[in-house]
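Peer 1: when you get a sec, could you give me coordinates for this:
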Amino acid sequence: MKRSSCCIYCGKSGRLTREHIVPESLGATKWIKCVCSTCNHEKLSKLDNELATKSPLSLVAASELLKTTGYTWDVDHSERNLLLEARANESAGSMTVWPQIIFDGARLQIGGDAEEVQKFGVENFQDVFVKHMLAAFQTVKKSLKRRRIIFDPVPEKLPSRYRCPPRVFATRSIHDFNNRMHFQCRYRTSRDKRRALHALDNWDSAKRFGEYSTQIGSAFPQFHLHYDGVAVVRSLVKIGLNLLRFLCKDTPVDREHFGEAVEMVLGERAVGRRIVDSNGFVDADSIQGLECPKDSHAFRLIHDRGWWNVHFAFFAGRVGAFVRFRGPNRETWRTANVVAPIRSTDWQVNTSRLLLLLTPRIERRDLNRIIPSMPLVNVQSHMTDIS
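Peer 2: As a prediction, this is how the structure comes out:
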């Protein structure tokens, strides 16, 4: 069958763009051309962001790929439970603090990973951070189209015992700073945001930070997950459609033949309680039958009585998920197993005429069941979905 040159979502013909089968933010590099730029950039990218940077999957992705996730903090108890922007470092059994400046009232604090600061040099660390931060601020002050500071309010449900004054930080090592990088500004109230902007606008270039101290990180870091459960289901369905488009030679994967799934992804079809309760993250034990090698994702797609069942095992099965949607099958196989090594396009595909069924157990609340491999301490998880 000749592949259609129409976007599988809007159905319009024309130039198609690259769509990563699995979000690139999850370490995947393999792509297909099946969507138009409008659908790809305006409608689909937001779903990828919800799944990869805000949901429970983001905690493992951040650790495996050495990236930040939605809201992950170390806690400086000596500063009255001051939150520090950080990422989980499982290999070290601790948190790694990102380079940051905190506007704590009239006091300024600059922070970072102690080992990195010492290797880079305390004064050099300060100079490089401030130089690039102020350059990024100029793009905001001048209202340039490509602003290099992203403003991100802290979730309202953050426990009151923690302090989170406004701060500007970068999710990269000081060694990797460059003239095109972005910073993030986090704040709790609009007043905090104005305070940070005022401090940047009136920055004294002769200002130097005084005292320097190091201390052991908190034994009780703070994770805060606030994600849209419906958007996560829609994102997983999108990955399922991408996998089918990649695998199927004779089955048309488009709006005409997979109308319900496409409308769900685009938000044109309501995702009701029944769908939310039967799709999404699963108890990790329920995907153990899906072989997933180290440093890989694995997927099993099964067609059974007019429905496609898609099982996900992300990061060697550390996080599992499941979705199902209606659609035809004109292939000679009924089950397909896919192994997708991280940062590789050398995917392995095995198909079978047999139904190799798994029994997914949807888990919506207990993160210790979703990610049993990660010791979760002080996790605040809040999923919004339908009422």
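
Peer 1: so what does the helix or strand harbouring Phe125 touch, helix or strand wise?
Peer 2: For Phe125, the host element (DSSP states H and E) is helix 122-141. In this structure, helix 122-141 makes packing contacts with strand 100-104, strand 107-111, helix 114-120, strand 149-153, strand 183-187, helix 190-201, judged by 3 or more Cβ pairs under 8 Å, 6 or more residues apart in numbering; DSSP states H and E. Backbone N, C-alpha and C define where each C-beta goes, glycine included.

Peer 1: ok, and what's touching it?
Peer 2: Among residues not part of helix 122-141, those counted as contacts by Cβ atoms under 8 Å, 6 or more residues apart in numbering are 99, 101, 110, 112, 116-117, 120, 146-149, 168, 170, 174, 177-179, 181-183, 197, 200-201, 203, 208-209, 212.

Peer 1: of those, grab the buried ones for ChimeraX.
Peer 2: The following ChimeraX selection, which keeps only the buried ones among those, applies the criterion 16 or more other Cβ atoms under 10 Å:
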select :99,101,110,112,116,117,120,147,148,149,168,170,174,177,183,197,200
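
Peer 1: how far does stretch 89-96 stretch from start to finish?
Peer 2: Between the start and the finish of stretch 89-96 there is a gap of 6 Å, counting by Cα to Cα, to the nearest Å.

Peer 1: do I have it right that Asn329 meets Arg305?
Peer 2: No: taking contact to mean Cβ atoms under 8 Å, the distance of 10.3 Å between Asn329 and Arg305 leaves them out of contact.

Peer 1: of these two, who's got more company?
Peer 2: In this view Asn329 and Arg305 are compared by other Cβ atoms under 10 Å, and Asn329 has more residues nearby, 18 against 5.

Peer 1: care to break this structure down by domain?
Peer 2: Using automatic domain parsing, the domains assigned to the chain come out as 17-53+226-384, 68-220.

Peer 1: export those as CSV, with columns for mean pLDDT and distance to Cys10.
Peer 2: Formatted as CSV, the domains of the chain follow (pLDDT from 0 to 100; distance: least, Cβ to Cβ, whole Å):
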stretch, mean pLDDT, distance to Cys10
domain 17-53+226-384, 92, 6
domain 68-220, 87, 26
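
Peer 1: and the ones you listed, which is most packed in?
Peer 2: Relative to the other members of the domains of the chain, domain 17-53+226-384 carries the highest mean neighbour count by mean count of other Cβ atoms under 10 Å, namely a mean of 18.

Peer 1: in the stretch 251-387 of the chain, which spans are helices?
Peer 2: Here the stretch 251-387 of the chain has its helices, by DSSP state H, counting those that start in this stretch, at 259-266, 273-278, 367-370.

Peer 1: turn those into CSV, including distance to Thr53.
Peer 2: Below are the helices of the stretch 251-387 of the chain laid out as CSV (distance: least, Cβ to Cβ, whole Å):
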stretch, distance to Thr53
helix 259-266, 18
helix 273-278, 20
helix 367-370, 16
